[in-house]
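In: Dropping a prediction and its sequence here:
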Amino acid sequence: MELLKCINIDKSYDDKKILKNINLTIPRGKIIGILGKNGSGKTTLIKLMNDLLTPTNGEILVNGKKVGVESKKVISYLPERSYLNKNLTVLETIKYFEDFYENFDTKKANKLLKDLKLDINQKISKMSKGMQEKVALVLVMSRKAELYILDEPLGGVDPATRDYILDTILTNFDKDASVIITTHIIQDVERILDEVIFINEGKIILTSDSDELRNKEKGSIDEIFRRMFKC
């Protein structure tokens, strides 16, 4: 059974249609990039997958069941904007996650935080934006989830840290789990992507294995994206 399936998904706000007849399947054991320009519908689609929005038409299934309470137990979600309580320290935040999520691995979280040289006793409010993004990603990747959904996980971090984060994503999920990443930084991310989905004006215009697409189009994913979405 596929891990996640979107069936004939439409999403409208008032009279504006944001997503149009989205059909896609997320298998197990893959890292998949959902790529598109600003305003293409990526974040709306991600929010629907996490049951934060309700589709106008269609349905989303996780492990064959409609999204809801059960799907949230197996999906670990990193939103584009920080969700951390800035009044807490990193350690207090870890304890909160430990209490809230049965599948949270505190040992893994502490190792990742140490690797990133983050002070667990520091208040979130005293951290830079980039440091806060690192903490948020560590918390998400420290859950033993079936599906990790990361919305722009690299936006506020330096290139050297991006490499560590990408390697963290690559090595810190189970072989039967999958990762969905939305990003604008395609050049850095594409080395870990097994599959790519291009979305434009609310429609999926391409779904492909990454290597097959590179061979067919004779270029990198970044180059292909730039050609397809050239202004």
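Out: Okay, I see it.

In: Where do the helices of the chain begin and end?
Out: Counting by DSSP state H, the chain forms helices over residues 42-49, 69-74, 90-100, 106-115, 129-141, 159-171, 186-189, 210-217, 221-228, given from the N-terminal end onward.

In: helices or strands up against the fourth one?
Out: Helix 106-115 sits against helix 90-100, helix 129-141, with contacts defined as 3 or more Cβ pairs under 8 Å, 6 or more residues apart in numbering; DSSP states H and E. C-beta here means a position set from N, CA and C on the backbone, and glycine is covered the same way.

In: 10 Å instead?
Out: Applying 3 or more Cβ pairs under 10 Å, 6 or more residues apart in numbering; DSSP states H and E, one finds that helix 106-115 contacts helix 90-100, helix 129-141, helix 159-171.

In: Helix 129-141 and that helix, what's the angle between them?
Out: In terms of direction (axes from the mean of the first three to the mean of the last three Cα atoms, to 10 degrees), helix 106-115 departs from helix 129-141 by 160 degrees.

In: Can you list the low-confidence ranges for the chain?
Out: Counting by pLDDT under 70, the chain has low-confidence residues at 1, 156, 231.

In: And the residue nearest the centre of it?
Out: The residue lying closest to the centre of the chain (Cα atoms, centre = their mean) is Leu150, at 1.7 Å.

In: does that one have beta-bridge partners, and which?
Out: According to DSSP bridges, the partner residues bridging Leu150 are Leu78, Ile181.

In: Which one of the helices and strands packed on helix 106-115 lies nearest to Thr43?
Out: When these are compared by Cβ to Cβ, helix 129-141 sits nearest Thr43, at 15.7 Å.

In: All good on my end, thank you.
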